[in-house]
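# Below are the sequence and a predicted model; questions follow.
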Amino acid sequence: MNLDFSQIVPSIPFILKGIWVTLQIVSVSLIFGFILGTFLSILKIGKIAILRWLADAYTSVFRGTPLILQLFLIYFATPQVIGYDITPYQAAVLTFGLNSAAYISEIIRAGIQAVDKGQKEAAEALAIPYRPMLTNIILPQAIKNILPALVNEFITLTKESAIISTIGVLDIMRRSQIVSAEKYIAFEPLIFAALLYYILVMVLTLLGRVLERRLRRSD
């Protein structure tokens, strides 16, 4: 097998533009997933049984079905079901955000429950209402504990984002496929795309380790 990467050199800037598309979609999805996941985690630890059941059911569905299936349902079924012509970008963000929320809700729930019960007892002793106690005392401590797990979720989303190429989003993977079709070569563009994903994951991993070390120093 003879690999000739010189053939894709003129197309490298085109593929590199996919990095911004990938990071943009993953970042927006993670923010959306974090907001929704926080809300779901609060429902899961709440006292209303029906809301706990709904939050658990949501998590079960999105964790128990393939991500690519969720993507196809949202992208292809949305125009048919509600009559809205959703764009590939919107479908990607919505799918990843909804999916990520299921995982983040479990991360935050575990983080909240890991906070020392004495914190809650002290707040109750001071007659602090439940909502201020949760938002000002419990959640800040929980978020600090789960930041490394959130970084891991960001890394996972970055790798899994390659599937959005199946609906035409011009991310790293899709751009490498276009170059492959134009140049009639398969391996070189895909290997270059794999290298870009690997570099992104390694950079995010290093940032996560730096964050962990800073959190340990602050304890």
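Thanks, I have it.

# just the helices in the chain please.
Taking DSSP state H to define them, one finds helices in the chain at 12-44, 49-64, 67-72, 78-82, 88-114, 117-125, 130-133, 139-160, 172-183, 187-218.

# Which of those helices has the highest mean neighbour count?
Between these, the one whose residues have the most neighbours on average, counting mean count of other CB atoms under 10 Å, is helix 88-114 (a mean of 21). Glycine gets a C-beta too; all of them are placed from N, C-alpha and C.

# just to revisit the earlier point, which stretch among the helices of the chain comes nearest F5?
Nearest to F5, of all the helices of the chain, is helix 187-218, at 5.2 Å by CB to CB.

# Report the inter-axis angle for that closest one versus helix 12-44.
With axes from the mean of the first three to the mean of the last three CA atoms, to 10 degrees as the criterion, the two stretches helix 187-218 and helix 12-44 enclose an angle of 40 degrees.

# helices or strands up against helix 187-218?
Using 3 or more CB pairs under 8 Å, 6 or more residues apart in numbering; DSSP states H and E as the contact definition, the elements that helix 187-218 packs against are helix 12-44, helix 139-160, helix 172-183.

# Sketch out the low-pLDDT regions of this protein for me.
Within the chain, the stretches falling below the threshold (pLDDT under 70) are 1, 119, 130, 216, 218-219.

# rerun at 80
With pLDDT under 80 as the threshold, the chain has low-confidence stretches at 1-4, 114-145, 211-212, 214-219.

# rewinding a little: mind checking which of the helices of the chain is nearest L3?
Counting by CB to CB, L3 lies closest to helix 187-218 out of the helices of the chain; the figure is 6.0 Å.

# Tell me what angle that closest one forms with helix 172-183.
Using the same axes, to 10 degrees: helix 187-218 against helix 172-183 is 160 degrees.
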